[in-house]
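# mind looking at a prediction? Sequence and model below.
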Amino acid sequence: MTGVNEQVAGRLQRADGSAVRVLVVDDEATLSDLLGMALRYEGWDVRTEADGASAVRAAREFRPDAVVLDVMLPDLDGLEVLRRMRADTPDVPVLFLTAKDAVEDRVAGLTAGGDDYVTKPFSLEELVARLRGLLRRSGMTAAQQGSELAVGDLTLDEDSHEVRRGDVEVDLTATEFELLRFLMRNPRRVLSKAQILDRVWHYDFGGQSNVVELYISYLRKKIDNGRAPMIHTVRGAGYVLKPASGE
């Protein structure tokens, strides 16, 4: 049997204890994927759409707690999407994404009922922080959960920073720990070098990918050395962590 467990302290949750729902609307597939990954990293339930009409339908079905909405969409503009969404869910917080930085564009979005905005290009860290602020103001509370992540026989305690593979304690540097934590929060999910750079090194959609290769090799020596491997390379796509074969 494969054992994959994840509990993270301090996550925002709904009043009933279920995961926060966030709808991401952007027609740039790469950006949408990065946003989805970053928000799932927070423990949130994420749905993505690439056009305005689909977004309006998704808002009715998914009932999001917050929406990340691009102003420029291929069919409807973001302001019209917001108007239609608010007809059904008048209180849902909306964070606008815009490539425009003129004051009048920002004012138009906020006047139309948007709660906040970020201008492209932006840092994922900043966007997540803004979104967390909107969710807290709308009544979401921090979950009181354990701090241990577990994938197969690998465990990581986020409070004490202790890592164990089976009965063996593994000593990691601060950066190795952050990289392993990101991998363990996304078990069985292929993570690209760009996603890893942004979440671990906080580079804004760029940076030197060889630093990822270097730290993956460091982790493998400490986590997989002499044991069935858990960290795998998916050629042309990135890296994935999963329980060792047979677990």
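Good, I have the coordinates.
# all strands of the chain, in order?
Using DSSP state E, the strands of the chain run over 4-6, 12-13, 21-25, 45-49, 66-70, 94-98, 116-119, 141-142, 148-151, 154-157, 163-165, 168-170, 231-234, 238-241.
# between the third one and strand 94-98, how many degrees?
Yep, that's strand 21-25 we're talking about. Counting by axes from the mean of the first three to the mean of the last three C-alpha atoms, to 10 degrees, strand 21-25 points 20 degrees away from the direction of strand 94-98.
# which helices and strands does strand 21-25 pack with?
Where contact means 3 or more C-beta pairs under 8 Å, 6 or more residues apart in numbering; DSSP states H and E, strand 21-25 is packed against helix 29-41, strand 45-49, helix 52-62, strand 66-70. Any C-beta I mention is one placed from the backbone N, CA and C, and that applies to glycine too.
# so what strands line up beside it?
Applying DSSP bridges, strand 21-25 is found paired with strand 45-49 (parallel), strand 66-70 (parallel).
# reformat these as CSV; add mean pLDDT.
Converted to CSV, the strands paired with strand 21-25 look like this (pLDDT from 0 to 100):
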stretch, mean pLDDT
strand 45-49, 95
strand 66-70, 94
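# need the winner for burial among the ones you listed.
strand 66-70 (a mean of 26; mean count of other C-beta atoms under 10 Å).
# output it as PDB, restricted to C-alpha atoms.
The C-alpha atoms that make up strand 66-70 are tabulated as PDB, following Å, rounded to 0.1, in the frame of the first residue of the first chain:
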ATOM      1  CA  ALA A  66     -11.900  33.900  -4.100                       C
ATOM      2  CA  VAL A  67     -11.200  34.500  -7.800                       C
ATOM      3  CA  VAL A  68      -8.000  35.400  -9.500                       C
ATOM      4  CA  LEU A  69      -9.100  37.100 -12.700                       C
ATOM      5  CA  ASP A  70      -7.100  38.300 -15.800                       C
END
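# number the chain from 374, please
Done: numbering now begins at 374, and the last item shifts to strand 439-443.
# name the helix or strand of this protein that has the lowest mean pLDDT.
strand 377-379 (a mean of 31; mean pLDDT, DSSP states H and E).
# out of the helices and strands packed on strand 394-398, which comes closest to residue 521?
Ranking the helices and strands packed on strand 394-398 by proximity to residue 521 (C-beta to C-beta) places helix 402-414 first, at 16.8 Å.
# tell me the angle the closest one makes with strand 467-471.
Using the same axes, to 10 degrees, the direction of helix 402-414 lies 150 degrees away from that of strand 467-471.
# what does helix 402-414 rub up against?
By C-beta atoms under 8 Å, 6 or more residues apart in numbering, the residues outside helix 402-414 that reach it are 395, 397, 399, 419, 421, 423, 441, 497, 500-501, 504, 555, 558-559, 562, 564, 567-568, 571-572, 578.
# for stretch 534-547, same thing?
For stretch 534-547, the surrounding residues in contact (C-beta under 8 Å, 6+ apart) are 526-530, 550, 553, 591-592, 595-596, 600.
# if we use 6 Å, what do you get?
526-529, 550, 595-596 (C-beta atoms under 6 Å, 6 or more residues apart in numbering).
# for the spatially closest residue to residue 393 that is not a sequence neighbour, list the residues it contacts.
Excluding its sequence neighbours, the residue lying closest to residue 393 (C-beta to C-beta, 6 or more residues apart in numbering) is residue 417, at 4.5 Å. Residue 417 is in contact with 392-393, 395, counting by C-beta under 6 Å, 6+ apart.
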